[in-house]
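**Student:** Fold the following.
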Amino acid sequence: MALPETIKIILFMIAVFISNIVQALTGFAGVMLSIPPTILLYGPDMAKALINFICWLVGVVLMWQNRKYIVPREWLKIIVFMLVGMGLGIHLYTVINTGILVPFYGAVIIAAALKNLFFKPPDHLSAWIAIPVLLGAGIIHGMFASGGALLVIYLAATFKDKKYFRANVAAVWTVLNLVLMGSDYEKGLFNQEFFELLGYSLIPLIAAVYLGNKAHDKINQKTFNYITYGLLLLSGSMIII
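**Tutor:** Numbering: from 1, shown residues only. Okay, here's the model as predicted:
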C-alpha cells in the first residue's frame, strides 16, 4: 500500500535529520544511513541524487568551518588516486559481475573495522597499502557511490586527531561528490521533485549539522574512534546483507 505523500515527506525529513547528525559528527556515513530509507520512499535514482547533494552541502559547511585542519598535500593525493579509481570503477561496472565484488568489499570493511576496534590501529599505512586502498575506494565509489568506507580506513590511519580526520574527509567529498552531481544532472534528476524534497530537507539538515558539531566538540578522541570503527562495521554488514 502506497504511503500518503505527507507521511513520505515526514519520514524523509527524519532520515535526513538522523543521518546528518552522524555526518556532521564524523564527516562520513550520512549516505550509508540515509540512502536505504530514501530509496524505499522515492526510488534509487532520486535517492542517490538527493542524498549525494545533501551530503555535499554538509561537506561544504564542514570543510569551511574546519579549513585550518585540512592538509592540502594529503587532500590532493586522495583526490587524484580516487578520481583515477572512479574512472576505472565506472568502466568496470559495465564489464564485470558486481555480485561477486560486493560481498568481498563488505568482508574487507568488516575485517578492518574489527581489527581497529580490538587492536591498536596502525600509526600509518605504507605506500604499498595506502595507494591500493585509495584506488579501491575510488573504484567502489565509481561503481556503487559508496567508497567512503575504504577512504575512512586510510584517513583513520593517517589522521589521529578527530578534527583533522573530519575536516579532510569532508574536503574530499566536497570535490568527489561534484562528479556524481554532474552525472545526476545529465540524467535529468535535478527536476521539480528533487528541488521540492531538497527544500523540505533544509530545516532538519541545519538542525542536524548544529547538533553534530556540538557532539563532535564534546566527545573525546577514544569515543570518536569507537564511533568511526563502529560505523565501518555497520557499513560492511549492510553491504553483505
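
**Student:** okay, now Y154: neighbour count?
**Tutor:** Neighbours of Y154 under the rule other C-beta atoms under 10 Å: 25. Glycine gets a C-beta too; all of them are placed from N, C-alpha and C.

**Student:** what's the closest non-adjacent residue to it?
**Tutor:** Using C-beta to C-beta, 6 or more residues apart in numbering and skipping residues adjacent in sequence, the residue nearest Y154 is V133, 4.9 Å away.

**Student:** check contacts around that neighbour.
**Tutor:** By C-beta atoms under 8 Å, 6 or more residues apart in numbering, the contact list for V133 reads L125, L150, I153, Y154.

**Student:** looking just at contacts, which helices and strands does the helix or strand bottoming out on mean pLDDT in the chain meet?
**Tutor:** Using mean pLDDT, DSSP states H and E, the weakest-scoring helix or strand in the chain turns out to be helix 98-118, at a mean of 75. Contact here means 3 or more C-beta pairs under 8 Å, 6 or more residues apart in numbering; DSSP states H and E; on that basis helix 98-118 packs against helix 127-144, helix 148-158, helix 221-240.

**Student:** what about 6 Å?
**Tutor:** With contacts defined as 3 or more C-beta pairs under 6 Å, 6 or more residues apart in numbering; DSSP states H and E, the packing partners of helix 98-118 are helix 221-240.

**Student:** for stretch 168-182, what is the average pLDDT?
**Tutor:** Mean pLDDT, computed over stretch 168-182, is 88.

**Student:** List the buried residues of it.
**Tutor:** Of the residues in stretch 168-182, those buried by neighbour count under the rule 16 or more other C-beta atoms under 10 Å are 168-177, 179-181.

**Student:** Closest to E74 out of those residues?
**Tutor:** N168 (6.3 Å; C-beta to C-beta).

**Student:** name the element that closest one belongs to?
**Tutor:** helix 162-186 (DSSP states H and E).

**Student:** Give me the buried positions along whatever helix or strand comes next after that helix.
**Tutor:** As assigned by DSSP H and E, the chain's next helix or strand after helix 162-186 is helix 192-218. For helix 192-218, a neighbour-count test (16+ other C-beta under 10 Å) marks F194, L197, L198, S201, P204, L205, A208, V209, G212, N213, A215, H216 as buried.

**Student:** Distance to I9 and pLDDT for those residues - can I get that in JSON lines?
**Tutor:** Shown next, in JSON lines, are the buried residues of helix 192-218 (distance: C-beta to C-beta, whole Å; pLDDT from 0 to 100):
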{"residue": "F194", "distance to I9": "14", "pLDDT": "95"}
{"residue": "L197", "distance to I9": "8", "pLDDT": "95"}
{"residue": "L198", "distance to I9": "12", "pLDDT": "95"}
{"residue": "S201", "distance to I9": "10", "pLDDT": "95"}
{"residue": "P204", "distance to I9": "11", "pLDDT": "96"}
{"residue": "L205", "distance to I9": "14", "pLDDT": "95"}
{"residue": "A208", "distance to I9": "16", "pLDDT": "96"}
{"residue": "V209", "distance to I9": "20", "pLDDT": "95"}
{"residue": "G212", "distance to I9": "22", "pLDDT": "94"}
{"residue": "N213", "distance to I9": "26", "pLDDT": "94"}
{"residue": "A215", "distance to I9": "26", "pLDDT": "94"}
{"residue": "H216", "distance to I9": "28", "pLDDT": "94"}
